[in-house]
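[1] Structure, please.
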Amino acid sequence: MDTEQLVSTFVEYFEERGHRRITGSTLLPPPGDPVLFTTSGMHPLTPYLEGRPHPLGKRLVNVQRCLRTTDLDEVGDATHLTVFEMLGTWSLGDYEGPVSLDWGYGLLTEGLGVDPGLLHATVYAGDDRTGPDTASLELWQGLGVPTELTVEDNWWSNGPVGPCGPDSEIFLWSGDGPPRSTPTRDDRWVEVWNHVTMSHHRLDDGSLVPLPQRNVDTGLGLERLASLLQGRSSVFDGDIFDPWRRLVPPLWQLDEPSLRLVCDHLRSAVVILGDGVRPANTGRGYVLRRLMRRLLTVLWRDDPTRDVGDLPGELVRHTLDHFRQDLPPDRVRQVLVEEQHRFGRLLERGRHVLARPRFRGPLTEDDLHYLHDTHGLPRDLITSLRDE
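    Presented below is the predicted three-dimensional model:
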């Protein structure tokens, strides 16, 4: 099953169970949201999770593109991407968590053909403020799915304040041979689907108050599940990355971790540009700029002549088409090349500045602030230049 078939199967399964499909928003969160980019499918739905009626009803399903910078250091492993798509379902004060879990189990095992013996679940064990999630535990026990109880790993929140609650996560075994151990003890158990019962709102002082309605919010990483269903060893081996695996290695000879990072960051940059963001020194534009600098640092590590202008137009078009974005591919490559030239000039200036006697020894915090404020050299770039 390829990625597009997986999306269709997912959406149709929940439409048959009374869910209405909503259009996934761009990477840009709705006005008033304090985050720079949408990091989960629930972001655009926060007002409805807090009690406002949704115009399409109480059962919703969608496909939402997301961006997470918190996992940047993990990109290059088997499961993390900077820009990814999240399949999501919501009950806005309608059904409870066990119903959602039962449907999720049915889709995985019957709709997608996953062997039930390869599944494992985790459930919230409770703490001194909230009790254990016994309803989810009983559901899994009734289905015969092994279950592990945790506390911190199974309490979901959208940040220091806002909607939160216990969750139950579904894991799929990715190792050779029969499943072993539990998700917290063996990373061959890969999390594929998180079902959150949003029951509380966390206030500024950390206290919890009940939400006016109990909601269910689920999120399933599309690229991660697709690669597992396709029997691939990583998200970078799934069908969505097939054109990248075919066209980038002949262009730039890179080791596997570097290839993954370059492909991820270039693909993410295309999507960010497609949603209207341009490179800048602050905010969303700086996230884009940082991604470009990270990939160029890796790309130029062995060969400073490598040029993002050589990126095949097919890859830009493939990405824009997949995310249904209208930006002309030539415009995308123009911005990428301009940012590459800007970074090249910054590197040259940085080398000259750091060659001064004042900066040849260990750098103090005052030095780092001076280099940033006076010469525009960020800390990560300084570190990279001194490692050359």
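[2] any idea how far residue 226 is from residue 320?
    Distance, residue 226 to residue 320, using C-beta to C-beta, to the nearest Å: 20 Å. For every residue, glycine as well, the C-beta is placed using N, CA and C.
[3] Run the chain-centre distance for stretch 371-379.
    Put simply, stretch 371-379 sits 29 Å off its chain's centre (C-alpha atoms, centre = their mean, to the nearest Å).
[4] Can you measure across that stretch, start residue to end residue?
    This stretch, stretch 371-379, spans 8 Å end to end (C-alpha to C-alpha, to the nearest Å).
[5] contacts for that stretch?
    Contact with stretch 371-379 is made by 281, 346, 349, 350, 353, 354, 359, 363, 368, 382, 385, as judged by C-beta atoms under 8 Å, 6 or more residues apart in numbering.
[6] avg pLDDT for it?
    For stretch 371-379, the mean pLDDT works out to 82.
[7] The chain should start at 36 in everything you say after this.
    OK, 36 is where the count begins now, so the last one is stretch 406-414.
[8] List the buried residues of it.
    Judged by neighbour count using 16 or more other C-beta atoms under 10 Å, the buried positions of stretch 406-414 are 406, 412, 413.
[9] Out of these, which comes closest to residue 364?
    Distance to residue 364 across the buried residues of stretch 406-414 (C-beta to C-beta) is lowest for residue 413, with 29.3 Å.
[10] how close does the closest one sit to residue 323?
    Counting by C-beta to C-beta, the gap from residue 413 to residue 323 is 14 Å.
[11] Could you do residue 246 as well?
    Distance from residue 246 to residue 323, by C-beta to C-beta: 35 Å.
[12] So which of those two has more stuff around it?
    More crowded of residue 246 and residue 323, by other C-beta atoms under 10 Å: residue 323, with 23 against 18.
[13] Can you classify that one by secondary structure?
    Under DSSP: H, G, I helix; E, B strand; the rest coil, residue 323 falls in the helix class.
[14] shouldn't it be in contact with residue 305?
    No. Using C-beta atoms under 8 Å, residue 323 makes no contact with residue 305, being 10.3 Å away.
[15] which stretches of the stretch 36-185 of the chain form strands?
    Along the stretch 36-185 of the chain, the stretches classed as strands by DSSP state E, counting those that start in this stretch are 55-56, 94-102, 118-127, 154-159, 182-185.
[16] Now do the same for residue 332: its pLDDT.
    Note on residue 332: pLDDT of 88.
[17] And for it, nearest residue in space, chain neighbours not counted?
    Closest residue to residue 332 apart from its sequence neighbours, by C-beta to C-beta, 6 or more residues apart in numbering: residue 419 at 5.5 Å.
[18] any idea how far the one you found lies from residue 378?
    From residue 419 to residue 378 the distance is 11 Å (C-beta to C-beta).
[19] So between those two, which is more surrounded?
    Neighbour comparison, residue 419 and residue 378: the larger count goes to residue 378, with 19 against 16 (by other C-beta under 10 Å).
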